[in-house]
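A.B. asks: 3D model of this:
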Amino acid sequence: MKHVIFAVTLIACMNIHAQNVKVKSNGFVRVYNLQGKKIGKGKIHKVSETSLQLFRHGETMEFMVDDIGRIKTKRSGGNNVLVGAATGATAFAIVGIATADPRCLDLWL
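C.D. replies: As a prediction, this is how the structure comes out:
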């Protein structure tokens, strides 16, 4: 049992990074101001402590952090919930099967 929990914890912690990691993905985002109005959209070009640069149609747009109210990705919130729920269900199913009583598994097979 200890080995299974250790293995799952080790696998889950492999993708932990420090806070100052460079953005490797140039994903598509929408930028909204503090009032909720869309002020820009495009692929992430550069991120710094004070600004966000987006690239779209050959042009680079820069937005100051103080002017940004919200940043949305291409995916909706429901998609993020679905991916998280599916990942958690799969992980708990694997742990449940690995720690199940072998006599109970005979009923399933």
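A.B. asks: CA only for contacts and neighbour counts going forward, please
C.D. replies: Noted.
A.B. asks: residue 38 contacts residue 31, doesn't it?
C.D. replies: Yes. Using Cα atoms under 8 Å, residue 38 is in contact with residue 31, at 5.9 Å.
A.B. asks: more neighbours, these two?
C.D. replies: The neighbour comparison of residue 38 against residue 31 (other Cα atoms under 10 Å) goes to residue 31, with 21 against 15.
A.B. asks: nearest residue to residue 51 in space, please, no chain neighbours.
C.D. replies: Counting by Cα to Cα, 6 or more residues apart in numbering, residue 64 is the residue found nearest to residue 51 once chain neighbours are left out, at 4.3 Å.
A.B. asks: nope, residue 29 is what I was after
C.D. replies: Per Cα to Cα, 6+ apart, closest to residue 29 is residue 73, 4.5 Å.
A.B. asks: and the one you found, how many residues sit next to it?
C.D. replies: Residue 73 is flanked by 13 other residues according to other Cα under 10 Å.
A.B. asks: contact partners for it?
C.D. replies: The contact partners of residue 73, taken as Cα atoms under 8 Å, 6 or more residues apart in numbering, are 27-30.
A.B. asks: what strand or helix carries the residue most central in space within the chain?
C.D. replies: The geometric centre of the chain, computed from its C-alpha atoms, lies nearest to residue 80 (Cα atoms, centre = their mean), at 7.7 Å. Element membership of residue 80 [criterion: DSSP states H and E] is helix 77-98.
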